[in-house]
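Undergrad: okay, here's the prediction I keep looking at, along with the sequence it came from:
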Amino acid sequence: MNKDKGASFPLGRKVVILAGVLGLAAMFFSSMLYRWENPGLQKAMRQQTAEAPSGGAPSGGAPEGMGGLAGMDMEGVRAMIAGLEKRLEENPKDLEALLQLASIRTMRGDKDAAAGFLDRAEAVAGTDKLALMDIAGRWYELDRYDKAAEALEIILKAEPDEMFAHYNLGVLYKYRLNQPEKAEEHLRKVAEGKHDFEDLREQAKKALEDG
C-alpha cells in the first residue's frame, strides 16, 4: 500500500471501516478518533456530574438543547474549546484541532459549526488517507452522507485500489444515497478485486446480495 500523502495525521492504529448492517439497511461508523485517546477531552465529554439534580441540568451545567453534554463537566469542555481555538489562532492548519472542534460541536448539536470545521479540515488534509477516512466518518455523524462520499472519493483519486474506501462508498451509495449502480461498482471492486482483506471481501459480497 502506498505511503500516505498530505497533512500529517497522528493515528497509530488501523482505520475501522464503515460497515453495512445487512437486513437493517443501516450503517455505523467506528473510528479511532483521538478525542478518545485524549484523557482530558474524554473526561470533559463523558464525566457525569454526580451532584446533578434529577430532571434538570446541574448548577453551572449545560443549558437546554445541549443534548448528550447535559450534566457533564462543562467547565472542562469550555477550557478544551478555548485551548483548541488558541491552537488554531497560532496555526489555522492544525488538523487535529480542527477535527476535535468538529467533534465537540457535533456533540453539542451545533451542526453548522461542526460542518465548518470539517470543511477546513478537509482542505488541510489534502490526500491524507487516514485523515479523509476519519473526516468521512465525522460527516456521517452529521448525516451529511454526500460529504462523506466526497471525502472517500478523494482517497480513490489518489489511490484507486484502496479497498476500504471502495467498500465504504459502496455502503454509503447503497444504504444512504440511493445510488445502486454506484454502490454495485464499488462493492464489486471489493468482492472481485485482488487484495488480502478476505473479511472485507465477504462483507462486500453480502452487501451485493442484499436487495
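TA: Yep, that arrived. Residues are numbered from 1 along each chain as shown.
Undergrad: quick check: residue 201 vs residue 189, distance?
TA: 10 Å (C-beta to C-beta, to the nearest Å). From N, CA and C alone the C-beta is placed, and that goes for glycine too.
Undergrad: with neighbour numbers in mind, choose between those two.
TA: residue 189 (21 against 17; other C-beta atoms under 10 Å).
Undergrad: now for the longest helix that the chain contains, which elements pack on it?
TA: Longest helix in the chain, counting residues (DSSP state H): helix 74-90. Contacts defined by 3 or more C-beta pairs under 8 Å, 6 or more residues apart in numbering; DSSP states H and E place helix 74-90 against helix 39-46, helix 95-107.
Undergrad: of those helices, which shows the lowest average pLDDT?
TA: Here the helices and strands packed on helix 74-90 differ in mean pLDDT, and the lowest is helix 39-46 at a mean of 39.
Undergrad: now do the strands in this structure.
TA: 19-21, 26-28 (DSSP state E).
Undergrad: I'd say residue 121 and residue 135 touch.
TA: Yes. Between residue 121 and residue 135 a contact is recorded at 5.8 Å, counting by C-beta atoms under 8 Å.
Undergrad: could you name every residue contacting both of those two?
TA: Residues touching both residue 121 and residue 135 by C-beta atoms under 8 Å, 6 or more residues apart in numbering: residue 99.
Undergrad: weakest of the strands of the chain in terms of mean pLDDT?
TA: Averaging pLDDT over each of the strands of the chain puts strand 26-28 lowest, since it has a mean of 31.
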